[in-house]
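Novice: return a 3D structure for these sequence lines:
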Amino acid sequence: MATAAEDTVETVVSAAPHPWDVSNPDIYVEDRWQPIFAEMRATAPINKVTGSAFGDYWNITTQKPIQHVEALPDIYSSDVERGGITLFGELENLPKELQRQTPSFIAMDRPEHTGQRRTVAPAFTPGEMERLSGDISRRTGQILDDLPRGEAFDWVDRVSIELTTQMLAILFDFPWEDRRKLTLWSDWASDPAIINDPERAYERRDHMREMAAYFTDLWNDRVDKPEAPDLLSRMIHSDAMKDMDRFTFIGNLTLLIIGGNDTTRNTMSGYAYGLDKFPGERAKLEADPELIANAGQEIIRWQTPLAHMRRTATQDAELFGHRIAEDDKMVLWYISANRDESVFDRPDDIVIDRDNARRHLAFGYGIHRCVGARLAELQVRILLEEMAARRLRVNVAGEPERVPSCFVHGYKRMMVELSEY
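Specialist: Numbering: from 1, shown residues only. Predicted coordinates:
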């Protein structure tokens, strides 16, 4: 069991490249990350990699130490000034004028984090989810009804991206005809291959400037109007956010766009791919729609749409017998913790009726747990419900094209055909 190895002495990986340098995007593109993390969980769940493309960092690969780190935000910081929330937080490869990161509340520590998160949290209450559910069901049903029958199409583009983009447009009251800009901006903002590539850095900056200008126009249009239910209006009129500088405003919008896009979009694609990969579990779900809610949680666990979050030690500390130095990067591999053998039986399989599927860490843990988790869960559940109502089955036509990233764990393209059961 992995927990027995958590008390081992410090393991330092000094060779580069090393099999345990899981920042390498190739292992995700080629879908061969599973045995690497399994080896770490079994032999050294907490280990240090040196000399990676992103510098030295600690791999934290099982649930118990990840939850421990997340529960101590004053010792393990998320602040952008300390490198932020991703392994590639420092931007030393880029020209000086492009190294500044946009701050957002997910990359803040207390107390700033508390006030800004509290502003957006009311948009994701159970009451708000109930209010949105009818609209989400109607839009999901329409998208499914418009899909071709008897011919292949790209599930990522026609379903996953379209559903999440529509939802983001509703949340922000964003101009409907321009909604696909939200996906474009999200992809440019979150792709580590782009973020640290000097040759593409200026192109990325131009996209981010376009986004900033667009949302600044929306801000200026709404700032003197009464507060409305959309997220942008809530931010404009909140005590915690109304006086924020433009840079922080754009950072928070970027966070909400990436969170709303990547998490739900890649889980929806993971649903299509995963149930095709486990046809016995798919048949179980088709035979019993009462399993849909639990199936949604299991698919979120199995897919884990964001592979990691990063924290930085604010002081010397000890973590399960390992000596952590101030400023050390701590990479919390949710993608591995959700395959933790000490928590989940048959963790590499989708098990639709798994009794502890909700114990996943796909949305994080502690004060930084995903503020929009309820909405992501709702969208996935409704997709499964609307598919079941139409007795539709997704048949994947060949291996999908995956995102080349150690952060976003997802799919760029997935050709499928629909059939009825």
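Novice: counting by contacts, list what whatever helix or strand residue 296 lives in packs against.
Specialist: Per DSSP states H and E: residue 296 is located in helix 292-303. Packing partners of helix 292-303 (3 or more C-beta pairs under 8 Å, 6 or more residues apart in numbering; DSSP states H and E): helix 264-277, helix 373-389. Any C-beta I mention is one placed from the backbone N, CA and C, and that applies to glycine too.
Novice: given the next helix or strand after it, what are its sheet partners and their directions?
Specialist: Remark: after helix 292-303, the chain's next helix or strand is strand 308-313, criterion DSSP H and E. Using DSSP bridges, the strands paired with strand 308-313 are strand 76-77 (antiparallel), strand 329-333 (antiparallel).
Novice: sorry, back to before: show me what counts as buried in the helix holding residue 296.
Specialist: Neighbour-count burial for helix 292-303 flags 292, 294-303 (criterion: 16 or more other C-beta atoms under 10 Å).
Novice: ok, and what's touching that helix?
Specialist: With C-beta atoms under 8 Å, 6 or more residues apart in numbering as the test, helix 292-303 has contacts from 266-267, 269-271, 274-275, 285, 338, 344, 349-354, 357-358, 360, 362-363, 376-377, 380-381, 384-385, 388, 409-410.
Novice: give me the distance from stretch 279-291 to the chain's centre.
Specialist: Mean-position distance between stretch 279-291 and its chain equals 26 Å (C-alpha atoms, centre = their mean, to the nearest Å).
Novice: same check, this time on stretch 53-72
Specialist: The chain centre lies 16 Å from the centre of stretch 53-72; the measure is C-alpha atoms, centre = their mean.
Novice: next: stretch 23-39.
Specialist: With C-alpha atoms, centre = their mean as the basis, stretch 23-39 stands 17 Å off its chain's centre.
Novice: mind saving the C-alpha coords of that stretch as CSV?
Specialist: Extracted in CSV, the C-alpha atoms of stretch 23-39 (Å, rounded to 0.1, in the frame of the first residue of the first chain):
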residue,chain,number,x,y,z
SER,A,23,6.6,17.4,-16.1
ASN,A,24,7.4,15.9,-19.5
PRO,A,25,4.3,16.5,-21.6
ASP,A,26,5.1,13.4,-23.8
ILE,A,27,3.9,11.0,-21.2
TYR,A,28,0.4,12.6,-21.2
VAL,A,29,0.2,12.9,-25.0
GLU,A,30,1.1,9.2,-25.3
ASP,A,31,-1.1,8.3,-22.3
ARG,A,32,1.7,6.4,-20.5
TRP,A,33,1.8,8.3,-17.3
GLN,A,34,0.0,5.7,-15.2
PRO,A,35,2.8,3.2,-14.5
ILE,A,36,5.2,6.1,-13.7
PHE,A,37,3.0,7.4,-11.0
ALA,A,38,2.1,3.9,-9.8
GLU,A,39,5.9,3.2,-9.3
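Novice: any idea of the angle the helix holding residue 296 forms with helix 264-277?
Specialist: With axes from the mean of the first three to the mean of the last three C-alpha atoms, to 10 degrees applied, the angle from helix 292-303 to helix 264-277 works out at 100 degrees.
Novice: any idea of the mean pLDDT in helix 292-303?
Specialist: The average of the pLDDT scores along helix 292-303 is 99.
Novice: pull out the C-alpha coordinates of it and format them as PDB.
Specialist: Provided in PDB are the C-alpha atoms of helix 292-303 (Å, rounded to 0.1, in the frame of the first residue of the first chain):
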ATOM      1  CA  ILE A 292     -25.700   8.500 -13.200                       C
ATOM      2  CA  ALA A 293     -24.900  10.800 -10.300                       C
ATOM      3  CA  ASN A 294     -22.200   8.400  -9.000                       C
ATOM      4  CA  ALA A 295     -21.000   7.800 -12.500                       C
ATOM      5  CA  GLY A 296     -20.300  11.500 -12.900                       C
ATOM      6  CA  GLN A 297     -18.100  11.500  -9.800                       C
ATOM      7  CA  GLU A 298     -16.300   8.400 -11.000                       C
ATOM      8  CA  ILE A 299     -15.600   9.800 -14.400                       C
ATOM      9  CA  ILE A 300     -14.300  13.000 -12.800                       C
ATOM     10  CA  ARG A 301     -12.000  10.900 -10.600                       C
ATOM     11  CA  TRP A 302     -10.800   8.800 -13.500                       C
ATOM     12  CA  GLN A 303     -10.200  11.700 -15.900                       C
END
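Novice: where in this structure is pLDDT low?
Specialist: Counting by pLDDT under 70, the ranges of the chain that qualify are 1-17, 89-103, 196.
Novice: pull out the buried residues from the longest helix belonging to it.
Specialist: Scanning the chain for the helix with the most residues, using DSSP state H, yields helix 198-222. For helix 198-222, burial by neighbour count (16+ other C-beta under 10 Å) applies to 201, 204, 207-208, 211-212, 214-215, 218-219, 222.
Novice: thinking again about what came up before, quick check, nearest of the buried residues of helix 292-303 to residue 156?
Specialist: Nearest to residue 156, judged by C-beta to C-beta, of the buried residues of helix 292-303 is residue 303 at 13.0 Å.
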